[in-house]
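Undergrad: Could you work out the structure for the sequence below:
(one chain, ligands or ions: 2)
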Amino acid sequence: MTVLASGSKGNSTVIASAQTRVLVDAGLSCRELMKRMKMAGEDPCALDAILITHEHVDHVAGLSVLARKLRIPVYFSEPTHRAWMRQMTPRTTMTYAKWLDHVQKEKEARAAQEAVETIDPVGAPFMTASSSWVGGSPIALQLAASADPQEDDIPEVAAKRDPASLPAVEYFQPGTSFRIGDLTIAPFTTPHDAADPCGFVFESATESVRMAIATDLGYVPPNVRAALQRIDVLLLESNHDLEMLKDGPYPWAVKQRVLSRVGHLSNHATAEFLARDYDGSATYIVLGHLSETNNVPELALLAAEEAIRERGKLLGNRVLLAHQAEPLASICL
Ligand SMILES: [Zn+2]
Ligand SMILES: [Zn+2]
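TA: Ligands and ions are numbered 1, 2, ... in the order given. Below you'll find the predicted structure:
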């Protein structure tokens, strides 16, 4: 596991087995992700796929550009893909006056079209219902359509026409495992305010190592507790310090969102999970998705280490901190 970035401003992690390499989330610009992979000794060209946990911008900021550059498939759940596409489609907004003007012009165009059709009955049989609505001739429409496939072959052109275009999209369903190369991936649903958010457990059969990513969750429900059993390397959220968040600069509405059951795990909630519900099997616990505004790395570390210490007999379980500004050294088992 190589955490390239973790925090409220961007998340991305490489998970690699002997034969397979995947990137989980692409929450920094493509350029920055490439730079971080280089810093961490990861070859971007060796990536087999990109997996997306959810559509929030701190997880997808560089996704489309990176996927097109590397020409690799992107794995989403279907609702997440749809939500991401909606996000990527530029919306045109119109003032009411402009809209009225637009409607008027359309009316005039339609009237002119109808006038032509009545004057020139010979031309009428060639007019289809749809062509009179869009106002173009059938021949022009056909030409435009035939130009599409060639243009789409050039990724930059395709991207300009459709910013959500990707080399290939694969769907998974949280709760159902799938394979990429020699990695078995088990996505699990997380409680978070996105379309269909999830975390992942990765298992390499050849190395019998299990790694998991669980960030962006408001609390730890039973299905997440169950998924995080027998994990060797666990990237776990420790987003905020409760007091810092309450006294901090965020507007009340945002504070409520973060604190809610579909927000983020506090240091306290993470510690509670580690002390009560965690099975203690990890060699490394990596604390991630720390808020720069409402947390201090030392506080997150202290809370988690105390929780582990309370468990007394837990050996291993080294607690590390993932960073926002730089990659964490690769964790190899
Ligand atoms: Zn999120
Ligand atoms: Zn996030």
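Undergrad: So, low pLDDT: which residues of the chain?
TA: Where the chain drops to pLDDT under 70, the residues are 92, 118-160.
Undergrad: Those residues of it touching ligand 1, which are they?
TA: Applying C-beta under 5 Å from the ion, one finds that the chain approaches ligand 1 through His56, Asp216. Backbone N, C-alpha and C define where each C-beta goes, glycine included.
Undergrad: mind giving me the domain split of the chain?
TA: 2-88+166-321, 96-129+137-161 (automatic domain parsing).
Undergrad: Of those, flag the one that's most buried.
TA: domain 2-88+166-321 (a mean of 19; mean count of other C-beta atoms under 10 Å).
Undergrad: how much distance is there from it to the middle of the chain?
TA: 10 Å (C-alpha atoms, centre = their mean, to the nearest Å).
Undergrad: which secondary structure elements does the longest helix anywhere in the chain contact?
TA: Looking across the chain with DSSP state H, the single longest helix is helix 96-119. Where contact means 3 or more C-beta pairs under 8 Å, 6 or more residues apart in numbering; DSSP states H and E, helix 96-119 is packed against helix 129-134.
Undergrad: Contacts only, for the residue nearest to Cys45 when sequence neighbours are not counted.
TA: The shortest distance from Cys45 to any non-neighbouring residue, by C-beta to C-beta, 6 or more residues apart in numbering, is to Leu70 (6.9 Å). Neighbouring residues of Leu70 by C-beta atoms under 8 Å, 6 or more residues apart in numbering: Pro44, Cys45, Leu47.
Undergrad: ok, the residue nearest to the first one when sequence neighbours are not counted - contacts?
TA: Read it as Pro44. Leaving aside its chain neighbours, Pro44 sits nearest to Met37 (5.0 Å; criterion: C-beta to C-beta, 6+ apart). Each residue near Met37 by C-beta under 8 Å, 6+ apart is listed here: Leu4, Val14, Asp43, Pro44.
Undergrad: Tell me which two of these sit farthest apart.
TA: Comparing every pair within those by C-beta to C-beta identifies Leu4 and Asp43 as the most remote, at 13.1 Å.
Undergrad: hang on, the earlier thing: among the contacts of Met37, which one lies nearest to Thr215?
TA: Distances from Thr215 to the contacts of Met37, taken by C-beta to C-beta, are shortest for Leu4, at 13.5 Å.
Undergrad: tell me which element the closest one falls in.
TA: strand 2-5 (DSSP states H and E).
Undergrad: Mind listing the strands that strand pairs with, and their directions?
TA: Using DSSP bridges, strand 2-5 pairs in its sheet with strand 12-16 (antiparallel).
Undergrad: The strand it pairs with and ligand 2, any residue contact?
TA: No. Using C-beta under 5 Å from the ion, strand 12-16 stays clear of ligand 2, with a minimum separation of 10.9 Å.
Undergrad: quick one: contacts of that strand?
TA: Residues contacting strand 12-16 (C-beta under 8 Å, 6+ apart): 1-6, 21-28, 33, 36-37, 40, 42, 47, 62, 183, 200, 202, 211, 213, 235, 330.
Undergrad: Looking at the residues you listed, which are in helices?
TA: Checking the contacts of strand 12-16 against DSSP H, those in helices are Leu33, Arg36, Met37.
Undergrad: how about the residues of this protein near ligand 2?
TA: Asp58, Asp216.
Undergrad: where along the stretch 51-200 of the chain do the helices fall?
TA: Residue ranges of the helices in the stretch 51-200 of the chain, as given by DSSP state H, counting those that start in this stretch, are 57-60, 63-70, 78-88, 96-119, 129-134, 138-152, 155-161.
Undergrad: dump the residue contacts of whatever residue of the stretch 151-300 of the chain ends up closest to ligand 1.
TA: Residue of the stretch 151-300 of the chain nearest ligand 1, by C-beta to the ion: Asp216 (3.9 Å). Asp216 makes contact with Thr53, His54, His56, His59, Thr190, His192, Ala194, Pro197, Glu237, His264, His289, according to C-beta under 8 Å, 6+ apart.
Undergrad: Please repeat the previous calculation with a cut-off of 10 Å.
TA: Taking C-beta atoms under 10 Å, 6 or more residues apart in numbering as the criterion, Asp216 is in contact with 8, 11, 25, 53-54, 56, 58-59, 190-194, 197-199, 237, 239, 262-265, 288-289.
Undergrad: Now it: which helix or strand?
TA: Going by DSSP H and E, Asp216 is not part of any helix or strand.
Undergrad: Next up, phi/psi of it, please.
TA: phi 60, psi 70 (degrees, to the nearest 10).
Undergrad: could we number from 43 for the rest of this?
TA: Right, with 43 as the first residue, what we last looked at is Asp258.
Undergrad: Please report the distance of it from Thr231.
TA: Separation of Asp258 from Thr231 (C-beta to C-beta, to the nearest Å): 12 Å.
Undergrad: Mind listing the shared neighbours of these two?
TA: Joint contacts of Asp258 and Thr231 (C-beta under 10 Å, 6+ apart) are Pro239, Cys240, Gly241.
Undergrad: Those residues into a markdown table, with extra columns for distance to Asn336?
TA: A markdown table is the format used below for the shared contacts of Asp258 and Thr231 (distance: C-beta to C-beta, whole Å):
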| residue | distance to Asn336 |
| --- | --- |
| Pro239 | 20 |
| Cys240 | 24 |
| Gly241 | 22 |
